[in-house]
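Asks: Just need the structure, nothing else, for what follows:
(chains A, B and C)
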Amino acid sequence: MEDITKPKEAKILVFSTEKISDPAIDLAGLLKMHYPPKVYTINVPCSSAVKPRWVMHAFEKGFDGVFIAADGTDCSYSEKCTDNTSALITLIHTQMKEKGMDPAKLKMAAICSVCAEPFVKHMINFASFLSNIKSN
Amino acid sequence: MKNKIGVYICQCGSNISDYVDVEKVKEAVMAEDVVLLSKTTMFACADSTQKEMASDIKEQNLDGLVVASCSPKLHLYTFRNVAIRAGLNPYNYVQVNIREQCSWAHSDKPKDATEKAIKLVLAGIHRAKHSVALKKQKISSENTVIVVGAGIAGMRSSIELANMGSQVYLIEREHFVGGRTSQWNELFTTGETGRDVISELYKQIKSNSNITLFTGAEVVSKSGSVGNFEIQVKITPRYIKPDCELDMEKFEKVLEVCPIEVEDDFNFGLNKRKAIYKNYPSEFPEIPAIDDKTCTRCGECVKLCPEIDFEQKVETLNLIAGAILLTTGFDPYEPKEGEFGYKTVDSVITLQQMKRLIELNNKELIYNGKKISKIGYIYCVGSRQSDGENKYCSRYCCTSAIHTGIITKEKYKNIQNFHFNRGIRTYGKQELLYHEASESGDVFLQFFDDTTPSITMNGKGPKVIIEDFLTKGKEIEVDLDLLVLVTGMVPRKERRISDILKVPIGRDKFYNEIHPKLRPVETVIDGVHIAGACQSPKNITESVKSALAAAAKANSLISKGEIELEPTLAIIDKSKCKSSGDCIKICPYDAIRTVEHDGKTVSEVNNSSCKGCGMCIPVCPENAIQLIGYTDIEIESMIEALI
Amino acid sequence: MSDQTNNYDVLVVGGGIAGEETALNLANIGYKIIMVEKDLSIGGKMIHLSKVFPTLDCSACITTPKVSETARHPNISIFTNSEVGEIEKISENNFTAILTQKPRYVTEDCTGCQLCEEACPVSVEDQFQYELVGRKAAYIPFSIANPRIAAIDIENCILCGLCEKVCPADCIDFTQEAIKTKINIKSVVMATGYQIFDPTIITRYGFGKFKNVVTAMQMERQLVPTRPFNAVLRPKDGKMPDNIAYVLCTGSRDDTVGNPICSQVCCMYSTKQAQLLMGALPMADVTIYYIHVRAFGKGFCEFYNQTVGMGVEYIKGKIGKIDEAENGDLIVRYEDIESGKVKEAKHDLVVLATGILANRDYQSMFKNIVLEPDKFNYVKQVNDLSSPSKTSIGGVFVAGTASGPMDIPDSILSAGAASAETASYLRRAYNEK
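Replies: Predicted coordinates:
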């Protein structure tokens, strides 16, 4: 029997970027800031390079949420990065809706290379949001 | 697929092992059938451990290496080098971050940290399993740079490039070198004239065997990419034999007989010049030129001077270069008719005209036959516009106008200067000039963009009516002999070159760099650099700095004869591609083009321009693009390992 | 060390952004570089800044890739916590110098685990946080330092030995002594940077006396993502300020403090801080007292206009005196240039936009030869129009703010110029041999 009084810990997949947001996640650890351990990170060069099928694959395999830690305006490849990543998010949201999934399970935020604290806050909030919808 | 992977789990003293049960990780990892050996170690980065890894790789014939330790930002290259030393391809090495992103982040929950570490290492193993051996790509490169524009920035960068060992083709559209700098007289801070500076640089260029100068030359097309650009240049002849020696007396006679008079651009229309011309006697190259556009071929000059040769033909040259540097400069802002009385009130000229006027008047300052003593300057004309589209500050004009005022006072008697400004921006050491001008009695009156001065004619000269900052509410009227509009810099009107090279243009319409701090002289088009005032308004020193910076970048890019490229590139599966063009549109580097393949049009990545950002991979409707190192199978198997 | 390893093509003095850019350019061409940095980490002043104007990208995000590229480059050898002296020109392309590596009391095997920091019982003011908070005597300089290894501040250390006991990698070594090495080099680039004006000299501003008068660098540290308090607070009572004033030209354009020139950056960094403050403290009022707003660079004027549009108030006025009220608020008395009247305004935090001064350290680095200073004690540029990095000594070049006030983009261009002129010098001398 599942214990419905205690929310389940949500599993979150983070796509981070090698030069910008991954260093922020490192910094969070360095500063011994804690966030839920069921957060797993995969590195990509740029947040505009995340394929929708990867995100859908993560959901299919059992991840509760996917978080794209975007380059934002700090992207060293293109000043259109923010726009491109947003367009991807819109595309994936559409695919999620088609499958009857709650689009809120995919989140994006720009994380600069020293944005350790915002990252941790995002993780804590996202995990508790996902746990709530999971146990409901 | 790799099936003999070695895994090392680092304790990092106790930084990892205090929170992560490394022995448990080791056991969990051993259960994977592709893992041949799994070890824990006190310090993976220690020299002894590195040696142990290298001998394991050799003795056990490992085909993949995984080190679970700190962040790859610290030791990715350390362990890649271990792989290289042991004969394993460095791209078959994967680093897993179980310190910053695991033991430290979850030091509050050691049990969970151990569980997470196991999954992270498993994902690393999957990545290593599907990794492929990669080689850094090398493309050959010509150690030659095409520099477009022989103003101060172009000349200076050419000399430096040549001194660093690169070949240079210096392409100038005009028949003479020097650009804007040769139009200015005494310069701040050294007191040299623009002509002196240009003459000295020209001598250095002529005596440098690495530099080939083309004047009357224009780039008409481009093909190829970094390392091997092919540039077609059209050269308009001077119509004077190249070996002729300039005889000034004869030249002056020729000038007399030439019946054609055109507006003299060099003097900003202050006077006329002939169709055969030299802008000033010591201009370089020494030989005069005949202006192809206006000459009627009447033949009067040929009668006096047999060296004139109308048989010369327009030529086209094909040049090959590894890199390109644009130093095409700026145009002065041309005020609209009626803007501060320009062309509607007598004796209203631009700052650039003023500088030429000083040059042309030796003893007394005369304009339109009238002796000038009271001079007004209105600042920010064409810059910092609240209504117009030039929102930017042109940077050099405050200092330039103040300096011009000082020079006028030094050269002529009884000069009085009035500066109608919007806040003087003599930044840095230029502040001293502002001091000097104030001390010498120049009057500075400040206005805001909502209280711009109005200009009327007072019978003798222009009158400025201004609501000064200090006397708010009260209007001041100043009668002047000459009003100088301190006109700023705008991008060159003629900019075919940017269309040909696809150089991006910024909000202010100047050429745009990749990043003002990280890569200020490079553009997103690999191998195409920008310097000087074509990038943004700059004074001479600043133009030269950026020119030299660009020279250093271009030289280090191409001087080794080959360019090394990271092998993480996008590849397009041509059998899947249906040529939607989405990848071409999104690529920030212009690195994807269409080619014919098996009778259909498909997209192809130009390996020498691709930066491996991966922006193209999600937009392909056919999923025909894979990014090496981030292929679907690698990422998806990692996802499966993490769950 | 064998003599062979002490030969380099270029000595780069200073590991700030200009030094890094110069070293990387030259190393990428193929020259061997020795970089000497007097601090414990490279990265200079820039690595400590928050977001930078006019693009508002995060300073650390731009610096750290350059820092790690420099640290990793096979052609660059970095000596931090080190000094260089007795630079002597033997002939063209032939210089010698003495490198002094000061002891760090921690070996390079340090993994940056910070256990020594936790164990250390001594607390002192943190110079990298501009004295806003404390640090230990055994410490990692700052979180993104490079190299990220600990150091013992021996002046404050009480030699209790606790750090030695907890260090898992056995890196603490109190027996370290300064090492002097003679190096042979072919050319020198001075990238020694600038100094920040010390506003205690202007007593009427009350810096040092009134706690709520801070410098711009102290404000900068409060706006950084790795900031000490995680909020913008005024020092006296930890209250969140809601009415902040900036005093521009503090120590610049001021003959009375011996610095008549403009520092080029203060108008813009204050404008930038004002924007960041409006983000951090949405309810706060920000007033900037200025003489002229020098928003001259690419995108600067647009940035300034945007800031005005956001509601930051710019008052053209000269500050006469700052006094403290009982609650720690500050009374700013100023001459309002618009009305010509002397006025008073109350603010709860005053930020002094301190200017840039020459770093004169270079003057004692040379032997038997003088590197000429300009009027303001910056390294003199002998031909600033067409050879901006040439100095009075052939083969010695200057990069960045060592030659005068400059913003970051200009420093980077200046470093580019220095690398080109150095590379030409090396090659010319080589060809003539």
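
Asks: Tell me the pLDDT of the closest residue to B:E315 other than its chain neighbours.
Replies: Nearest non-adjacent residue to B:E315, counting by CB to CB, 6 or more residues apart in numbering or on different chains: B:I235, 4.6 Å away. From N, CA and C alone the C-beta is placed, and that goes for glycine too. Model confidence at B:I235, given as pLDDT, is 97.

Asks: which residues does B:I235 contact?
Replies: B:F214, B:G216, B:A217, B:E218, B:V314, B:E315, B:T316, B:L317 (CB atoms under 8 Å, 6 or more residues apart in numbering or on different chains).

Asks: Try it again at 10 Å.
Replies: Neighbour list for B:I235: B:I171, B:F214, B:T215, B:G216, B:A217, B:E218, B:Q312, B:K313, B:V314, B:E315, B:T316, B:L317 [criterion: CB atoms under 10 Å, 6 or more residues apart in numbering or on different chains].

Asks: Check A:C46 too.
Replies: Neighbours of A:C46 in contact, by CB under 10 Å, 6+ apart: A:17-20, A:70-71, A:75-78, A:81, A:84-85, B:588, B:611-615, B:627.

Asks: quick one on the thing from earlier: reformat the contacts of B:I235 as CSV; add pLDDT and secondary structure.
Replies: Shown next, in CSV, are these (pLDDT from 0 to 100; DSSP: H, G, I helix; E, B strand; the rest coil):
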residue, pLDDT, secondary structure
B:I171, 98, strand
B:F214, 98, strand
B:T215, 97, coil
B:G216, 97, coil
B:A217, 97, strand
B:E218, 96, strand
B:Q312, 95, coil
B:K313, 95, coil
B:V314, 96, coil
B:E315, 96, strand
B:T316, 97, strand
B:L317, 97, strand
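
Asks: Of those, which count as buried by neighbour count?
Replies: B:I171, B:F214, B:T215, B:G216, B:A217, B:E218, B:Q312 (16 or more other CB atoms under 10 Å in any protein chain shown).

Asks: Surely the last one and B:T236 touch.
Replies: Yes - the pair B:Q312 and B:T236 qualifies as a contact (CB atoms under 10 Å) at a distance of 9.1 Å.

Asks: Now for these two: what residues contact both?
Replies: Shared contacts of B:Q312 and B:T236, defined by CB under 10 Å, 6+ apart, are found at B:I290, B:D292.

Asks: Quick check: the gap between the residue most central in space within chain C and C:I140.
Replies: Geometric centre of chain C, nearest residue: C:K45, 2.6 Å, by CA atoms, centre = their mean. Per CB to CB, to the nearest Å, C:K45 is found 19 Å from C:I140.

Asks: tell me the contacts of B:K136?
Replies: B:P90, B:Y91, B:E564, B:L565, B:E566, B:P567.

Asks: Assumed the third one was part of a strand.
Replies: Yes - according to DSSP: H, G, I helix; E, B strand; the rest coil, the state of B:E564 is that of a strand.

Asks: Please report how far it lies from chain C.
Replies: 11 Å (CB to the nearest CB, to the nearest Å).

Asks: Now do the same contact list for that residue.
Replies: B:E564 touches B:K136, B:Q137, B:K138, B:I139, counting by CB under 10 Å, 6+ apart.

Asks: Backbone torsions only: list them for the residue nearest to B:E315.
Replies: Per-residue torsions, B:I235: phi -120, psi 120 (degrees, to the nearest 10).

Asks: go on, B:N81?
Replies: B:N81 adopts backbone torsions of phi -70, psi -30, taken as degrees, to the nearest 10.

Asks: hang on, it packs against B:L65?
Replies: No - judged on CB under 10 Å, B:N81 makes no contact with B:L65 at a distance of 11.5 Å.

Asks: Identify the contacts common to these two.
Replies: When contacts are counted by CB under 10 Å, 6+ apart, the set common to B:N81 and B:L65 consists of B:A54, B:P90, B:Y93.

Asks: Give me the subset of the residues you listed lying in helices.
Replies: B:A54 (DSSP state H).

Asks: Do a quick rundown of the strands in the stretch 301-433 of chain C.
Replies: C:313-324, C:330-336, C:341-347, C:349-354, C:356-358, C:396-398 (DSSP state E, counting those that start in this stretch).

Asks: Make JSON lines out of these and add mean neighbour count, mean pLDDT and distance to B:D33.
Replies: JSON lines is the format used below for these (neighbours: other CB atoms under 10 Å in any protein chain shown; pLDDT from 0 to 100; distance: least, CB to CB, whole Å):
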{"stretch": "strand C:313-324", "mean neighbour count": "18", "mean pLDDT": "95", "distance to B:D33": "70"}
{"stretch": "strand C:330-336", "mean neighbour count": "18", "mean pLDDT": "96", "distance to B:D33": "71"}
{"stretch": "strand C:341-347", "mean neighbour count": "14", "mean pLDDT": "96", "distance to B:D33": "70"}
{"stretch": "strand C:349-354", "mean neighbour count": "28", "mean pLDDT": "98", "distance to B:D33": "63"}
{"stretch": "strand C:356-358", "mean neighbour count": "25", "mean pLDDT": "97", "distance to B:D33": "63"}
{"stretch": "strand C:396-398", "mean neighbour count": "29", "mean pLDDT": "98", "distance to B:D33": "59"}
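
Asks: Which one of those lies nearest to chain B?
Replies: strand C:313-324 (7.4 Å; CB to the nearest CB).

Asks: wait, does that closest one contact chain B?
Replies: Yes - using CB under 10 Å from any CB of the partner chain, strand C:313-324 reaches chain B at C:K316.

Asks: what about burial for the contacts of B:K136, which qualify?
Replies: B:P90, B:Y91, B:L565, B:P567.

Asks: Closest to A:V39 out of those residues?
Replies: Using CB to CB, B:Y91 is the member of these that lies nearest A:V39, at 27.1 Å.

Asks: Please report the number of neighbouring residues for the closest residue to the closest one other than its chain neighbours.
Replies: Excluding its sequence neighbours, the residue lying closest to B:Y91 (CB to CB, 6+ apart) is B:L134, at 4.1 Å. A count of neighbours around B:L134, defined by other CB atoms under 10 Å in any protein chain shown, yields 16.
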